[in-house]
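Colleague: Dropping a prediction and its sequence here:
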Amino acid sequence: MVMNFLFLIIAYLLGSIPSGLWIGQVFFKKNLRDYGSGNTGTTNTFRILGPSAGILVFAIDFLKGTLAVWLPIVFHANGWSPIVFGLVAVLGHTFPLFAGFKGGKAVATSAGMLMGFSPVYCLFLLAIFSITLYLSSMVSLSSVVSAGFAIITVIVFPAFHFILPEYDFLFTVIIVFLGGFVIVRHRENIIRIQQKTENLVPFGLNLTKQAPIKK
């Protein structure tokens, strides 16, 4: 039990590492909060600091979720599902101790958590994300659509023993919560999508004909 509480703290601190904020300040002398959307996550890092920094931030944020899930497995801390530690890392990423409790939108770290706990399901949702990104040219819409698919499929798939072979109550509750959480965190993006002013990536079909406001 003591080990579990210790790993919960480690998972939160791991999630709290504000990779985008620190990389911007140390290597680019820029505070991401002063540029673009003001978010310190992967998308704004790509937009402001470039692809290399964006890929690095995504990798770090992704691994935070995976490592948190692996912690209790590697050290044989029994009693609690590893998904709990992944959830705590996601919350740390979103409300980071080291960045004034203002963090990212939970997408990359949630994906990393899923990769550590249910890799095939994670790859399924990454495929949904990738297809939506190509069709829409929007990371935000891709995140929201993937979150919606997660909420639906975590309930439906076990009934057909597809990808998720059986119901895991705790896993289901956490995925439904995180799916809703990701959607809520993107509420400003959703408004911009409705107004057709959402930011785009430089590829894809932009089927919804977004026209971002130039700044």
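Modeller: Okay, I see it.
Colleague: and residue 161, how many neighbours?
Modeller: Around residue 161 there are 9 other residues, counting by other Cβ atoms under 10 Å. In short, each C-beta sits where N, CA and C put it, glycine included.
Colleague: Give me the phi and psi for it.
Modeller: Summarising the backbone geometry of residue 161 under the convention degrees, to the nearest 10, its torsions are phi 50, psi 40.
Colleague: Report the separation between residue 188 and residue 91.
Modeller: 20 Å (Cβ to Cβ, to the nearest Å).
Colleague: Student question: in this structure, what's the helix or strand with minimum average pLDDT?
Modeller: Least confident helix or strand of the chain, by mean pLDDT, DSSP states H and E, is helix 42-49 with a mean of 92.
Colleague: Figure out how far stretch 39-49 is from the centre of its chain.
Modeller: 13 Å (Cα atoms, centre = their mean, to the nearest Å).
Colleague: Make residue 1 into 254 and carry on from there
Modeller: Sounds good: first residue 254 from here, last item stretch 292-302.
Colleague: in that stretch, what's buried?
Modeller: Neighbour counts over stretch 292-302 (16 or more other Cβ atoms under 10 Å) mark 292, 293, 294, 295, 296, 297, 298, 299, 300, 301, 302 as buried.
Colleague: now these as a markdown table including distance to residue 417?
Modeller: As requested, the buried residues of stretch 292-302 are arranged in a markdown table below (distance: Cβ to Cβ, whole Å):
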| residue | distance to residue 417 |
| --- | --- |
| 292 | 31 |
| 293 | 32 |
| 294 | 27 |
| 295 | 26 |
| 296 | 28 |
| 297 | 32 |
| 298 | 32 |
| 299 | 31 |
| 300 | 34 |
| 301 | 37 |
| 302 | 37 |
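Colleague: Pick the one among these closest to residue 393.
Modeller: Within the buried residues of stretch 292-302, proximity to residue 393 (Cβ to Cβ) peaks at residue 296, which comes in at 7.4 Å.
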